[in-house]
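K.L.:
Sharing a sequence plus its predicted fold:
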Amino acid sequence: MGSIIDEHGGSDADVKARIGKVRAACLQLKNIWNSKQLSTNTKVRIFNTNVKTVPLYGAETWRTT
């Protein structure tokens, strides 16, 4: 996985891009969360396998300073 680094060594663009990916993924899953046809158990499985990993991917570039 590549990171976006600007000419000054910053990674703000990279962080914004990754946060944008999280938002897009959450919007795509909105229909699943609102579905009456899927059980809560199925929704939890989808959350654990797909949703948890996306924010963790985005958090890889967060600054700790």
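P.N.:
That came through fine. Numbering: from 1, shown residues only.
K.L.:
which stretches of the protein form helices?
P.N.:
12-28, 30-34, 40-46, 53-59 (DSSP state H).
K.L.:
Switch those helices over to TSV; also include mean neighbour count and mean pLDDT.
P.N.:
Placement of C-beta: from N, CA and C, glycine included. Shown next, in TSV, are these (neighbours: other CB atoms under 10 Å; pLDDT from 0 to 100):
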stretch	mean neighbour count	mean pLDDT
helix 12-28	14	80
helix 30-34	11	92
helix 40-46	11	94
helix 53-59	14	68
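K.L.:
okay, how far is it across stretch 21-34, tip to tip?
P.N.:
21 Å (CA to CA, to the nearest Å).
K.L.:
what does stretch 39-52 give?
P.N.:
19 Å.
K.L.:
Quick check: C26 vs L56, distance?
P.N.:
Here the criterion is CB to CB, to the nearest Å. By it, C26 lies 14 Å from L56.
K.L.:
meant to ask about N31
P.N.:
N31 sits 23 Å away from L56, going by CB to CB.
K.L.:
again with A13
P.N.:
Taken as CB to CB, the span from A13 to L56 is 20 Å.
K.L.:
repeat for K16
P.N.:
Counting by CB to CB - K16 and L56 are separated by 17 Å.
K.L.:
How about R45?
P.N.:
17 Å.
K.L.:
go on, N48?
P.N.:
12 Å.
K.L.:
overlap in contacts of the two?
P.N.:
Common neighbours of N48 and L56, counting by CB atoms under 8 Å, 6 or more residues apart in numbering, are absent.
K.L.:
so L38 makes contact with I32?
P.N.:
Yes. Counting by CB atoms under 8 Å, L38 touches I32, with 6.5 Å between them.
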